Every structure is written in structure tokens, then in C-alpha cells.
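Student: Quick check, what structure comes out for this input:
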Amino acid sequence: MTYPKIPLAQTVIQLCKAKKIKHIVISPGSRNAPLTIGFTNDTFFNCYSIVDERCAAFFALGIAQQLQEPTAVVCTSGSALLNYYPAVSEAFYSNIPLVVLSADRPKHLIDIGDGQTINQKHVFQNHILYSANLKLDLKDEKNIPENEELPILKNLEDKFERLLGLQKDIQTFNEEELNEALNTAIFKKGPVHINIPLDEPLYETVNKLSVTPKIVDVTIKPNEIEDYVLKVCLEDWNEASKKMILVGVNYPNSIDKKWLNELASDDSVMVFTETTSNLHHSSFFPSIDQLIAPLSESEQKELQPDILLTFGGLIVSKKIKQLLRKFKPKQHWHIDSKTAYDTFFCLNNHIETTPNAFFEEFLPKITHYVKSDYKAIWNAIKNKRLKKHQDYLATSPFSDFTVFDKILKTIPNQYVVQVGNSSAIRYTQLFSINKTLEVYCNRGTSGIDGCTSTAIGCAVASKKPTVLISGDLSFLYDSNALWNNYIPANFRIIVVNNSGGGIFRILPGHKNTENFDTFFETNHNYTAKNLCKMYGFAYKSVSDETSLKLALKSFYIDDNQPKLLEIFTPKQINDDVLLNYFEFIK
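Tutor: All right, here's what the predicted structure looks like:
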């Protein structure tokens, strides 16, 4: 087998292999050549070449999201690394194990005026679980050509490291840092950054490894709920007649069905789910905005829970956040082994375990069910809203609103659905979802950057076919995502094109002015047609309901190439249709 000659590169590659990090996304470069040589010459790794570093990082994030295990991205030195930041921040807030491997120049070549020599240490410090800054291997002076001089050492630290330090000490340090970083990504489920200084020559190879790094296993300690905490929770729960459970981003099939059935059987419990919650039960309350948007202030007050129990990732619905911030629950408990955000400004109990572990300890110990009409009242309102929802759809003109209804009704069973941010996920929230579908969205930072790249990474890693539902700005913003040789033939993209940032027409502001059109809505006349031609996607466009129905019938049929359906909607009426919807369902 071919290995890079540099011991540090060998160490990184061997420890990634030992930690079973199989998927390596590499962006071409020179300084990272030793890493590229090592990863691509070992059949254990699945290597991908993605030129655009921002796309590469989101592509890796999509893989890690699906596999729920670390995926690595490898880049050269300099500004390449900075392009990873949007995906790093998304991984940080979405608890996705992304391993950033950045090649770097030796310390004596930083800040001397050379190109691509930025300071890379701790560059992600506000959005990273661990930063490992490795040390440069001592150079083998026997192999230095006669005309090459040792670098001028600028300070005492350099002199100590290069002249007095031993390679063994450096190797031990690097192994410890690598083990710590990789174990953090595995155990704590989030991004880590490993900065790797590499000296020239970069392309030399050997046929035998020169180092055998020590492997430190991950130590996982179960998060146990303290008896006192459980006792207090049970006492408060048994007395409360209005209990609300609100579930954010949640992996499919991660909560045992018996606990869902247990919660559904309690008349004092309302379970609010979002599209990204991937939880389904006839007694739960999906489409949150549909239920609460039309409520009067007195009705909102009636909905105020005694106890709010939350788990999962970040919440999409602004309306439920506004309601619970205004009418705060007496108690807010959040279940998560890692983080608890005070989203409603009343968090008083962070239960540091998994939802399944909590429910297993908690639900069997409930002594009695409180008599309550909390769920029954709102269940009746839910049924009325659903009837009004269908009535409105029957009379609505062709628009973003009706388009999302048609799209979501026609996605085949067992698909993975990736939804773009901004208006796409908010429209999706208003409709019921086929329970066989798995729904994902980058809600960690909720940015439009990287939605397409993430979906393609997901499609590569998932055993199920994947469809991305995206707005036009999100799609165009991340169009380099299609510069990718790994897109499965069964991958599908639906672009809802309303010629700009349609969500800004829904928000308060002065519409239909030159300033608004240019700087807020960002009007444009671009389409996806030429991008599809360039990147080998089958392309179809529609702009009316009849054509849409016809196009969707054949859209998911396997034609041995990825497909994109672009749906043009009338931007002049989209906002009115949506705003009138909330008035109508009152």
C-alpha cells in the first residue's frame, strides 16, 4: 500500500481509520496532498472530490446526518478552511459529527506575507466542540538538500520545539490531541477541527508505515436521572392538568412507540409536533401554525400549559415561540443529554439524558391521570381547522400554497425529504405528511446556504431515494452543489420559483417598491434550466396546476438520471393567498 511519507499525515489517517471514519470529502489542494494521498490509497475509505469547500462541507454534513456518525472534510491551507464555517455552525447547532481536517503551513511560514497563510488555529472557536492544533514533525535533516537551509527560528518557542523537543514528544502530543478530537465528535455528536501543519516536500510516498499511533477508545458514561429530580418531576406532573410536549428536529424512529402511545392516552397532555419531528400519532397536533395562528389573545391564554416538556432540535414555528414567550408555562423542562436552550425564557429543568431514557424511567411511575379536558378542547379545534383547511384549498388559485399541497401529496412512500429553509419549510409545516417519509432540514442555523449540498450528501449516504424541496433563492445560492460526480440517478429536486425571496412579501414592510424589490425580495429572472443542462439533470418546468399534476405523475419514475422540476408561481398573489388562509381558517 502507498502511504504519505510524513509521519503526522500517517497518524491522522490511521486514527481516522481506527475510529471507523469511512467517508472522507476532499477538496483539491497542494498543502493537503499528504492527507489526500493517504486517504485515497486506502480502500477502507470512501473518498469524494468536491471542489467548492462550502459545498464539500455541507455534502459531508448530509452524509453524517444520515449515518449519525463522523464524516471528515479535508482542505488545503488558507481561505479554503473559512468556506467550511457555514457547515461547521450548522453541525454545531444540529449536533452533527463533522470532522474538519485542515492542512496548514509550518508556524514559521505564517504571517510572513506569503499567499494562503492565514492564522488557522481556533478559527471556529465559537462554534466547535474541540480544536486540536497539531505540532509539526521534526524535519529529517539527513534528507535536506545541500542548497536548502533550515528555516530561521523567530522565537524561543520555535527553538524549543524544533531544536530541543524530541519527535517522540511531538508524536505523543499529536496522538493525544487526535484521539481527544475524534472521540469528542463521536461521543458528543458535533463538529471538531483538527489543524495539521505539513512541511514540504508534500508528495513523497513510502510503502511502509513509520508510526503506529496509540488508539484511545471512547468512554461513554450513561446519563442517569437523579432520584430527587425524578421524584420532583413526577409530583409536579401528577398535579398538572395542562401539559404540553413540543418536539423539534428529531430523527425518525428514535422514540419508542410505546412511549408515544402512553403520552397519547393522557387527556391532560397535548403533543405538538413539527414536520422535522418525524413523529406521527392520530392524537398528536402537527401543523402547529394551522392551529394557533388564528387564536385570539384569550384563546392563547387558554392554551398556556402548566408544564412544557420539550425535546429534539430547534423549533421552526415562530407562532408557538411567540405564544409561549407571551404566556409562559409555569415550568419548562428540556430533555437532552447535551444542551438546553431557554427558548421561551422560562427554562427551569434541564434533564440531561435521552428522551427514551427519560420516558422509560418516568412514564411507568406516573401514579394517576389527572382529569382534564385540555386535549379534548383543542382536538375539537384541530378538527375544525382541518375542515377549513380543505375548504380553502378547494377554492385557492394556483400559488405557493397550493403547490406545496400537491407536492407533499405525491411524494412516494419511503422517500427521504430534504426541505430548504425560509419559506419552503414554513409552507411544508402547514400540511400533513405521509408518515412513511423521513423529513430533514438544516434548522441548526436555518440558513439557505448549503441546503442542496446537504441533500446530495444525504442521497449518497441514504439507502432510500431522496427529494429536495427548495425555493429558488436557496437553490441558486447553492448551485455549485450540482458540481458533483456522486449524485444518485434517483435523486430529485423540486424548485418552487417565485422569482425572489417570497417570504419577505409575507413579513411586514413596504412592498412593491423599487427598494423592496431590489434589496429585500431580490427579484430575478433566472431559472434552473441551463444549470440542469450543464450538470446532466433531466429538466421540466410548469406554471399551472394542470401541468403540475401531469409532471408529478412521471417525476419519480426511474429514468437513470437525476431530475429537477421547476414550478413557477405568481409572486404577486402568493403572499395574499397565505395571509388570507389564516384569516379563513378562523
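
Student: So what's the residue count around Glu176?
Tutor: Here the number of neighbours of Glu176 (other Cβ atoms under 10 Å) works out to 14. The way it works is simple: take the backbone N, C-alpha and C, and place the C-beta from them, glycine included.

Student: Now do the SS call for it.
Tutor: Following DSSP: H, G, I helix; E, B strand; the rest coil, we place Glu176 in the helix state.

Student: residue contacts, it?
Tutor: Contact analysis of Glu176 by Cβ atoms under 8 Å, 6 or more residues apart in numbering lists Val216.

Student: separation between it and Asn183?
Tutor: To Asn183, Glu176 is 11 Å away according to Cβ to Cβ, to the nearest Å.

Student: residues shared between the contacts of these two?
Tutor: Val216.

Student: List the contacts of Val211.
Tutor: Contacts of Val211 (Cβ under 8 Å, 6+ apart): 7, 10-11, 14, 171.

Student: Is the residue positioned nearest the centre of the chain in a helix, a strand, or coil?
Tutor: The geometric centre of the chain, computed from its C-alpha atoms, lies nearest to Asn442 (Cα atoms, centre = their mean), at 3.9 Å. Recorded secondary structure, Asn442: coil (three-state DSSP).

Student: Now it: closest residue in space that isn't a chain neighbour?
Tutor: Glu90 (5.3 Å; Cβ to Cβ, 6 or more residues apart in numbering).

Student: Now do the contacts for the residue nearest to the centre of the chain.
Tutor: Contacts of Asn442 (Cβ under 8 Å, 6+ apart): 58, 61, 90, 94, 421, 450-451, 454.

Student: want to throw those into JSON lines with neighbour count?
Tutor: What follows is the contacts of Asn442, written out as JSON lines (neighbours: other Cβ atoms under 10 Å):
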{"residue": "Phe58", "neighbour count": "34"}
{"residue": "Leu61", "neighbour count": "31"}
{"residue": "Glu90", "neighbour count": "26"}
{"residue": "Ser94", "neighbour count": "23"}
{"residue": "Asn421", "neighbour count": "23"}
{"residue": "Gly450", "neighbour count": "27"}
{"residue": "Cys451", "neighbour count": "28"}
{"residue": "Thr454", "neighbour count": "32"}
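
Student: Closest to Phe311 out of these?
Tutor: Ser94 (14.5 Å; Cβ to Cβ).

Student: wait, doesn't the closest one sit right on Val249?
Tutor: Yes: counting by Cβ atoms under 8 Å, Ser94 touches Val249, with 7.0 Å between them.

Student: Overlap in contacts, the two.
Tutor: 313-314, 443.

Student: Tabulate these (TSV), appending pLDDT, distance to Thr117 and neighbour count.
Tutor: Shown next, in TSV, are the shared contacts of Ser94 and Val249 (pLDDT from 0 to 100; distance: Cβ to Cβ, whole Å; neighbours: other Cβ atoms under 10 Å):
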residue	pLDDT	distance to Thr117	neighbour count
Gly313	95	37	22
Leu314	94	37	17
Arg443	96	36	22
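
Student: Now tabulate these in a markdown table and tack on distance to Lys121.
Tutor: Below are the shared contacts of Ser94 and Val249 laid out as a markdown table (distance: Cβ to Cβ, whole Å):
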| residue | distance to Lys121 |
| --- | --- |
| Gly313 | 30 |
| Leu314 | 30 |
| Arg443 | 30 |
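
Student: which residues of the stretch 451-586 of the chain fall in strands?
Tutor: Counting by DSSP state E, counting those that start in this stretch, the stretch 451-586 of the chain has strands at residues 466-471, 492-497, 538-542, 563-568.

Student: would TSV of those strands with mean neighbour count be doable?
Tutor: TSV is the format used below for the strands of the stretch 451-586 of the chain (neighbours: other Cβ under 10 Å):
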stretch	mean neighbour count
strand 466-471	27
strand 492-497	25
strand 538-542	17
strand 563-568	22
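
Student: Mind checking those for the one nearest to Gly78?
Tutor: Comparing the strands of the stretch 451-586 of the chain by their distance to Gly78 (Cβ to Cβ), the top pick is strand 466-471, with 30.7 Å.

Student: What is that closest one packed up against?
Tutor: strand 416-419, helix 423-428, helix 451-461, strand 492-497 (3 or more Cβ pairs under 8 Å, 6 or more residues apart in numbering; DSSP states H and E).

Student: wait, which of the ones you listed is closest to Glu566?
Tutor: Closest to Glu566 of the helices and strands packed on strand 466-471 is strand 492-497 (Cβ to Cβ; 4.7 Å).

Student: The closest one pairs with which strands?
Tutor: Strand partners for strand 492-497, identified by DSSP bridges, are recorded as strand 466-471 (parallel), strand 563-568 (parallel).

Student: Nearest to Asn497, out of those strands?
Tutor: Per Cβ to Cβ, nearest to Asn497 of these: strand 563-568, 5.1 Å.

Student: all helices in the stretch 301-450 of the chain, in order from the N-terminus.
Tutor: Assigned by DSSP state H, counting those that start in this stretch, the helices in the stretch 301-450 of the chain fall at 318-326, 355-362, 374-395, 400-410, 423-428.

Student: What residues sit buried inside the longest one?
Tutor: What it means is helix 374-395. Of the residues in helix 374-395, those buried by neighbour count under the rule 16 or more other Cβ atoms under 10 Å are 374-375, 378-379, 381-382, 385, 388-389, 392.

Student: Which secondary structure element of this structure has the lowest mean pLDDT?
Tutor: helix 156-159 (a mean of 55; mean pLDDT, DSSP states H and E).

Student: which residue packs closest to Asp400, ignoring adjacent ones?
Tutor: By the measure of Cβ to Cβ, 6+ apart, the closest residue to Asp400 outside its immediate chain neighbours is Asn574, 4.5 Å from it.

Student: Sorry, wrong one. I was asking about Trp259.
Tutor: According to Cβ to Cβ, 6+ apart, the nearest residue to Trp259 is Phe359 (4.1 Å).

Student: Next: Glu360.
Tutor: Nearest residue to Glu360 in three dimensions, chain neighbours excluded: Trp259, at 7.5 Å (Cβ to Cβ, 6+ apart).

Student: okay, and for the stretch 401-550 of the chain, where does confidence drop off?
Tutor: Across the stretch 401-550 of the chain, the ranges flagged by pLDDT under 70 are 501-521.

Student: Output the contacting helices and strands for the host helix or strand of Ala60.
Tutor: Per DSSP states H and E, Ala60 falls inside helix 53-67. On a contact count with 3+ Cβ pairs under 8 Å, 6+ apart, helix 53-67 meets strand 23-26, strand 71-75, helix 85-94, strand 98-104, helix 451-461.

Student: okay, the ones you listed in JSON lines with distance to Ser254 next?
Tutor: Listed next are the helices and strands packed on helix 53-67 as JSON lines, based on distance: least, Cβ to Cβ, whole Å:
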{"stretch": "strand 23-26", "distance to Ser254": "22"}
{"stretch": "strand 71-75", "distance to Ser254": "19"}
{"stretch": "helix 85-94", "distance to Ser254": "14"}
{"stretch": "strand 98-104", "distance to Ser254": "20"}
{"stretch": "helix 451-461", "distance to Ser254": "17"}
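
Student: Tell me which of these approaches Phe124 most closely.
Tutor: Phe124 lies closest, by Cβ to Cβ, to one member of those: helix 85-94, at 5.2 Å.

Student: Touching that closest one from outside, list them.
Tutor: Here helix 85-94 has contacts from 54, 57-58, 60-61, 64-65, 73, 96-98, 100, 123-124, 127-129, 190-191, 193, 249, 313-314, 442-445, 447, 449-450, using Cβ under 8 Å, 6+ apart.

Student: Same check on stretch 37-44?
Tutor: 1-4, 9-10, 12-13, 16-17, 22, 24, 26, 45, 47, 74, 203, 205.

Student: go again using 7 Å as the cut-off
Tutor: 1-4, 9-10, 13, 17, 22, 24, 26, 45, 47, 205 (Cβ atoms under 7 Å, 6 or more residues apart in numbering).

Student: From these, list the buried ones, please.
Tutor: 3-4, 9-10, 13, 17, 22, 24, 26, 45, 47.
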